[in-house]
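J.: Let me see the structure of the following:
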Amino acid sequence: MTAPPVRNNTLDLIGNTPLVYLKGPSEAAGCAIFGKCEFANPGASVKDRAALWIVRDAEARGELRPGGTIVEGTAGNTGIGIALVANALGYRTVIVMPDNQSKEKMDTLRALGAELVLVPPTKFADPAHFVHTSRRLAEETDGAVWANQFDNIANRKAHIESTAPELWEQMEGRIDGFTCAAGTGGTVAGVGMGLKSLDEKVTIALTDPHGAALYSYFATGELKAEGSSVAEGIGQGRVTANLEGAPIDTQFRISDEEGLEWVARLLREEGLCLGLSSGINVAGAVALGTQLGTGSRIATILCDTGFRYLSTLYNPEWLEAKGLPVFDWLKGD
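T.: Here you go, the predicted model:
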């Protein structure tokens with residue numbers, strides 16, 4: 001076994017994440033399903049990639065200068081990635097986040113030295129939405145740039161230039177399908193564009209949680225949301241700049257219950273502690289693999305670590321309050 005090379009600096013630790021064969025999902029779908037272990041990034045999520053590309057893009061355009069500030073609105077993981085990248089490059093970070101996200105994300109951001117601004121969750125059309133609030137703060141702060149992860153296509157460029165070619169190499173050019181959910185849309189669009197440039201026959205599927213509008217958009221052309229989801233960081237009600245031109249071939253809608261079933265199984269059967277977005281992605285990969293048939297090879301994104309959700313997904317009281325099933329091992333006598 002060859003040891004990975006020594007990195008020149010900590011930012012080089014972002015990307016080149018392992019790919020793992022998922023036994024249970026593969027057996028369920030009758031094909032081979034692989035998970036990209038994005039929790040292995042320094043900030044423990046896929047959002048480290050977008051954070052690095054967004055910051056480097058702002059530097060290249062001359063908008064971000066030494067001693068500057070990066071402001072972003074985020075469900076948490078992008079903020080964590082930006083805070084780490086900013087620390088490594090000598091920038092200050094201000095993060096605006098809805099106050100209904102996990103306590104672990106808030107505590108992590110504060111621990112990393114970011115200034116955390118919490119706002120009530122609201123619809124995107126509301127000027128008080130976390131995205132609009134972060135834009136205003138950036139405009140009001142001297143030497144600040146607004147990361148704008150939803151509509152800054154440096155986000156999807158990260159996945160065109162890194163995630164997609166990594167998957168292609170790891171799967172030795174034998175990949176029949178890829179799927180994941182959309183938050184900003186950067187991952188599904190970027191990986192989709194990158195893989196299609198290597199083999200246009202690769203099927204790209206959107207896996208959408210309930211409460212999001214993109215399943216309907218790609219199925220019928222109409223943005224229409226149905227139901228709701230407690231998943232953090234995924235689910236979108238509009239076509240962001242990152243999603244424009246995304247090569248989506250098919251789409252699936254996955255419930256929280258189905259996603260949680262895979263979160264539970266992957267932990268109990270395969271020793272992977274993941275968040276709900278990863279469970280929803282795996283459920284989508286099973287659906288895509290079932291559709292493409294025996295012998296197909298499917299990849300998806302394992303977005304972040306479950307350790308970021310100990311107060312929510314792994315808390316029986318929280319699950320019960322949300323009307324969701326409690327994992328067997330968390331139930332009392």
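
J.: How many residues are close by A213?
T.: Neighbouring residues of A213 were enumerated by other CB atoms under 10 Å; the total is 18. C-beta here means a position set from N, CA and C on the backbone, and glycine is covered the same way.

J.: and it, what pLDDT?
T.: pLDDT for A213: 95.

J.: Which strand or helix spans the nearest residue to E258 once chain neighbours are set aside?
T.: Closest residue to E258 in three dimensions, ignoring its sequence neighbours and counting by CB to CB, 6 or more residues apart in numbering: A283, at 4.7 Å. In the assignment (DSSP states H and E), A283 maps to helix 276-292.

J.: which of the residues in that helix are buried?
T.: Residues of helix 276-292 classed as buried by neighbour count (16 or more other CB atoms under 10 Å): 276-289, 291-292.

J.: Looking at those residues, spot the one nearest A212.
T.: I280 (10.3 Å; CB to CB).

J.: can you pull the contacts of the nearest residue to that closest one once chain neighbours are set aside?
T.: In space, and not counting its chain neighbours, I280 is closest to G259: 3.8 Å by CB to CB, 6+ apart. Taking CB atoms under 8 Å, 6 or more residues apart in numbering as the criterion, G259 is in contact with P209, A231, L276, S277, G279, I280, V282, A283.

J.: ok so, going back, could you give the mean pLDDT of the helix holding A283?
T.: Mean predicted lDDT for helix 276-292 stands at 98.

J.: Tell me the helices and strands packed up against it.
T.: Helix 276-292 sits against helix 23-29, strand 32-37, strand 177-180, strand 203-209, strand 250-254, helix 256-270, strand 297-302, with contacts defined as 3 or more CB pairs under 8 Å, 6 or more residues apart in numbering; DSSP states H and E.

J.: can I get those in CSV with mean pLDDT and distance to L89?
T.: As requested, the helices and strands packed on helix 276-292 are exported to CSV (pLDDT from 0 to 100; distance: least, CB to CB, whole Å):
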stretch, mean pLDDT, distance to L89
helix 23-29, 98, 38
strand 32-37, 98, 25
strand 177-180, 98, 28
strand 203-209, 97, 33
strand 250-254, 98, 37
helix 256-270, 98, 34
strand 297-302, 98, 26
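
J.: Indicate which one of the ones you listed is closest to Q236.
T.: strand 203-209 (8.2 Å).

J.: wait, what's in contact with A213?
T.: Per CB under 8 Å, 6+ apart, neighbours of A213: L223, K224, A225, Q236, G237, R238.

J.: got the residue ranges for the helices in the stretch 51-200 of the chain?
T.: 77-89, 103-111, 130-140, 154-158, 164-170, 186-198 (DSSP state H, counting those that start in this stretch).

J.: got TSV for the ones you listed, with mean neighbour count too?
T.: TSV is the format used below for these (neighbours: other CB atoms under 10 Å):
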stretch	mean neighbour count
helix 77-89	25
helix 103-111	17
helix 130-140	18
helix 154-158	26
helix 164-170	19
helix 186-198	25
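
J.: Which one (most neighbours) among the contacts of A213?
T.: Neighbour-wise, the contacts of A213 (other CB under 10 Å) top out at Q236, 25 neighbours.
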